[in-house]
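>>> Provided below for reference: sequence and predicted model.
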Amino acid sequence: MTIFERDAKTLELPWPFTGREDELELVRRSVAGGRQGIVVTGPAGRGKTRLVTEAVRGTDCVRVAGTPGTRGLPFAAFAHLLPESVSLQRAVQLLLSVRLLLVDDAHLLDDASAALVHQLAVHGRTRLLVVATEGTRAPDAISRLWTGELLPRLALEPLPREETAHLLAVGAGGPEILTVNRLYRLCRGDLRLLRELADAVRERGLPHRVPDSAEWEWRGPVPVTAAVRERTTHLLGRTGPGERETLDRLAFGEPLPMDTDTLDLDALEALEADGLVQVDEQGAARLAHPLHGPVLRAAAGRLKTRRLARTPVGRAAALETETTALVRAIALGDVRAVSTSVGEWLLDEGTGIPARHAAVRARFARLRGELREAAAWAREGLRAASDDPACRLELALAAAQSGHHELVAPPGGSGGRFTVASGPASARPGDAADPSEIAGGSAATWWAAAHGDLDTALGTVGEEPYDAVRLGAPDRAVGRLTGVFAEHADALARGDGPALDRAAQALEDRGFLLFAAEAYAQAVRAHRDPSAARTSRTRAVALARRCQGARTPALSGLVLGELTARQRQIVTLAAAGLSNRQIAEKLTLSIRTVGNHLYSAYARLGASDRDALPCLVELEQAQPA
């Protein structure tokens, strides 16, 4: 059969395929062997077509696609495969010889084409890979593919932030972490919008190169691209009484209290019902999507901007409210996400952040295990006040606990002073800090720990007794901790693996991801049950992956486990990002053999997927001889 692909989306995109390893393997398995196929669904821009295109690359695949303009034409999607006049029964017979059929944009199929796909699924001789977009009405014959359990369904989740950062690194030249966070917030998993925004920012010359780094940063307005306009037309077109004014007020001042002096409550109710506005438990209203504020502000004229924009005093008061909320969360020992829209807005617009707010944001991020973010916020604070001690402390701590760079002493030494080599979480040349002079001595502690000198590190533990627990010496913190931190110290002192697991879970529940990873890593050595130790190792690795390159003494104890030489070789290649197919070609093995080795390695490591492998391999290689 001669195949002609019509109206198919391009197979080669400007950015390489990144992440989605588990989903990719699931799709490949679903269309291999005796499987009948799979339906992949998700919102527009989630990357469904890119995923399935990658899954069928190199296979003998027939492809059809639905289009908006042909929904009224019978068998329009299959016109290049079928005669002009054909019955449904005849069409099924003609296509039963197709081994693999990819149906893209199935929600746009005409009814006859949808019925044909359904019948092919019923017959089961053709493996089907069906892609449909959520949020739009699909033909009943298509929705019955999964509701009738003819085919399994994969609802594609947003690309995680860690994988989004990697995608931006390889596709957009490596933005720094706060720019990554901004793009991630604005796009909410819409990879098409992400690519267009990142490209537009660079094409319009908006980013600035981070000094002494290969990274770039973006501050200032959001480019109103075609994709941005497409996704906000419903917003700018609101014409109900008071609705546009309410939206504009929120765009320039969110969050705002619900009172008649600031907002039209009737308009607010209508906007909330349509999902454009959210009201939190404190009765404060804000826009439902992070992209809406920048678009509304960009559309406002100068006079409206002057009328609605916060005054400097108002901005300072709103920012202080956020700073206080972060300080309170830290004091309560709960660093789960706190809304900080004002600080992010000021940063994004390039207004600048006061050093006090930046230092608190840096500490909050560091306690959450987000070390690159912590360093970035600290650097923002040092832009406002180059000698701010709190920002310098946070920068030093984030650098000392991060494995993305080396700490190096300046030539000739300087009585303990140090600089940090350039890297994702590094200070600039000249940003020096004296560990012995920074309040609390924490920087000195982690400076020594980073160089493997644990005796010196423990000797400098002062006002932060929990540092001693993290470094494996809970006896130095006796009677000086409370709550979950005391539970962690007690469990470690008793060498109680299950209790360490419980402490780690409690730390994770409160947002302390790095501390939780370290507690799980300590539990690995405390467990007497090998199965429990493997489970703790898996959890430690999974959390460590989210901590932006954390490399602390507790984590350095994680190892690959008892693997065969071939398993270790395959695991190392998989951790480097190679697919099963690429590993098979490199080692002259079958793909099935590679998969079997990985499955056995997962079982021995207690890992559930290959996402944990990079951290495992790096930590193994980082161990001292």
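Happy to help now that I have it.

>>> tell me the phi and psi of the residue positioned nearest the centre of the chain?
Centroid check for the chain by CA atoms, centre = their mean gives Arg161 as the closest residue, at 0.9 Å. Backbone dihedrals for Arg161, given as degrees, to the nearest 10, come out at phi -60, psi -40.

>>> tell me the contacts of it?
Each residue near Arg161 by CB atoms under 8 Å, 6 or more residues apart in numbering is listed here: Val180, Asn181, Tyr184. Glycine gets a C-beta too; all of them are placed from N, C-alpha and C.

>>> quick one: contacts for Gly333?
Going by CB under 8 Å, 6+ apart, the list of residues near Gly333 reads Gly483, Val484, Phe485, Arg510.

>>> how far away is it from Val170?
38 Å (CB to CB, to the nearest Å).

>>> check Gly301 too.
In terms of CB to CB, Gly301 sits 40 Å off from Val170.

>>> for those two, indicate the residue with more neighbours.
Val170 (12 against 8; other CB atoms under 10 Å).

>>> sticking with the more buried one, tell me its helix or strand.
helix 161-171 (DSSP states H and E).

>>> show me what counts as buried in that helix.
Arg161, Thr164, Ala165, His166, Leu167, Leu168, Ala169, Gly171 (16 or more other CB atoms under 10 Å).

>>> tell me the pLDDT of the first one.
Note on Arg161: pLDDT of 88.

>>> repeat for the one 10 residues further on
For Gly171, the pLDDT comes out at 83.

>>> which one is it nearest to, not counting chain neighbours?
Here the nearest residue to Gly171 in space, its sequence neighbours aside, is Trp15; by CB to CB, 6 or more residues apart in numbering that works out to 3.3 Å.

>>> same check on Glu518?
Ala554 (3.7 Å).

>>> quick check: that neighbour touching Gln522?
Yes: with contacts counted by CB atoms under 8 Å, Ala554 reaches Gln522, the gap being 5.8 Å.

>>> from Pro158, how far out is Leu151?
23 Å.

>>> neighbour-wise, which of those two wins?
Neighbour tally, Leu151 and Pro158, criterion other CB under 10 Å: the higher count belongs to Leu151, 23 against 17.

>>> from the chain's centroid, how far away is stretch 511-529?
23 Å (CA atoms, centre = their mean, to the nearest Å).

>>> likewise stretch 222-241?
26 Å.

>>> what comes up buried for that stretch?
Val222, Pro223, Thr225, Ala227, Val228, Arg231, Thr232, Leu235, Arg238.

>>> grab the two from these that are most spread out in space.
Pro223 and Arg238 (22.4 Å; CB to CB).

>>> hang on, the earlier thing: just the buried members of the contacts of Gly333?
Going by neighbour count (16+ other CB under 10 Å), the contacts of Gly333 have Val484, Phe485, Arg510 buried.

>>> low-scoring stretches of this structure, by residue?
The chain contains residues with pLDDT under 70 at 1-14, 403-441, 557-563, 603-609, 611-625.

>>> pop the domain breakdown of it in here.
Listed domain ranges for the chain are 21-155, 161-223, 227-309, 314-343+352-459, 466-557, 565-622 (source: automatic domain parsing).

>>> need the winner for burial among those.
domain 466-557 (a mean of 21; mean count of other CB atoms under 10 Å).

>>> for the closest residue to Gly275 other than its chain neighbours, give me phi and psi.
Once flanking residues are discounted, Gly275 sits nearest to Ala288: 5.7 Å by CB to CB, 6+ apart. Dihedral angles of Ala288 (phi, psi; degrees, to the nearest 10) stand at phi -80, psi -30.

>>> quick check: Ala288 touching Val279?
No: using CB under 8 Å, Ala288 makes no contact with Val279, being 10.0 Å away.

>>> show me the strands in the stretch 101-250 of the chain, by range?
127-133, 153-155, 208-209, 216-217 (DSSP state E, counting those that start in this stretch).

>>> off-centre distance for the second one?
Looking back up the chat, that one is strand 153-155. 20 Å.

>>> each with direction, which strands does that strand pair with?
strand 37-42 (parallel) (DSSP bridges).

>>> just the CA trace of the strand it pairs with, in PDB.
Extracted in PDB, the C-alpha atoms of strand 37-42 (Å, rounded to 0.1, in the frame of the first residue of the first chain):
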ATOM      1  CA  GLY A  37      -2.800   0.200  21.000                       C
ATOM      2  CA  ILE A  38      -3.500   3.200  23.300                       C
ATOM      3  CA  VAL A  39      -5.300   6.500  23.300                       C
ATOM      4  CA  VAL A  40      -3.300   9.500  24.400                       C
ATOM      5  CA  THR A  41      -5.200  12.500  25.600                       C
ATOM      6  CA  GLY A  42      -4.400  15.900  27.200                       C
END
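
>>> run through who's touching it.
26-27, 30-31, 48, 51-52, 106, 121, 127-134, 145-146, 151-157.

>>> now do stretch 279-289
188, 247, 250-251, 254-258, 263, 268, 272, 275-278, 293, 296, 339, 341.

>>> keeping just the C-alphas, turn it into CSV.
Only the C-alpha atoms of stretch 279-289 are listed here, as CSV (Å, rounded to 0.1, in the frame of the first residue of the first chain):
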residue,chain,number,x,y,z
VAL,A,279,-10.8,33.5,45.6
ASP,A,280,-8.7,32.0,48.4
GLU,A,281,-9.7,31.0,51.9
GLN,A,282,-8.8,34.5,53.2
GLY,A,283,-11.2,36.1,50.8
ALA,A,284,-8.6,37.6,48.5
ALA,A,285,-9.2,37.5,44.8
ARG,A,286,-6.6,36.8,42.1
LEU,A,287,-6.5,36.0,38.4
ALA,A,288,-6.8,32.3,37.8
HIS,A,289,-3.9,32.0,35.3
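
>>> so where's the longest helix in the chain?
helix 312-331 (DSSP state H).

>>> just want the angle from the helix or strand following that helix to helix 312-331.
Scanning forward in sequence from helix 312-331 by DSSP H and E, the next helix or strand is helix 341-348. With axes from the mean of the first three to the mean of the last three CA atoms, to 10 degrees applied, the angle from helix 341-348 to helix 312-331 works out at 120 degrees.

>>> what sits up against helix 341-348?
By CB under 8 Å, 6+ apart, helix 341-348 touches 178, 182, 185, 219-220, 254-255, 286, 293-294, 315, 318-319, 321-323, 352-353, 357, 361, 380.

>>> could you do stretch 361-368 as well?
For stretch 361-368, contacts defined as CB under 8 Å, 6+ apart pick out 326, 329-330, 335, 338, 340, 343, 353, 371, 373-375, 377-378, 381, 390-391, 394-395, 397-398, 401, 511-515.

>>> give me the subset of the residues you listed lying in helices.
Using DSSP H, those in helices are 326, 329-330, 343, 371, 373-375, 377-378, 381, 390-391, 394-395, 397-398, 513-515.

>>> so how far is Gly33 from Gln401?
46 Å.

>>> ditto for Val117
For Val117 relative to Gly33 (CB to CB), the value is 21 Å.

>>> tell me the contacts of Ala385?
With CB under 8 Å, 6+ apart, Ala385 has these contacts: Ala355, Cys391.

>>> if you set the cut-off to 10 Å instead, what comes out?
Pro354, Ala355, Arg356, Ala358, Ala359, Cys391, Arg392 (CB atoms under 10 Å, 6 or more residues apart in numbering).

>>> and those as a markdown table, adding distance to Ile583?
Formatted as a markdown table, those follow (distance: CB to CB, whole Å):
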| residue | distance to Ile583 |
| --- | --- |
| Pro354 | 50 |
| Ala355 | 49 |
| Arg356 | 50 |
| Ala358 | 44 |
| Ala359 | 45 |
| Cys391 | 45 |
| Arg392 | 45 |
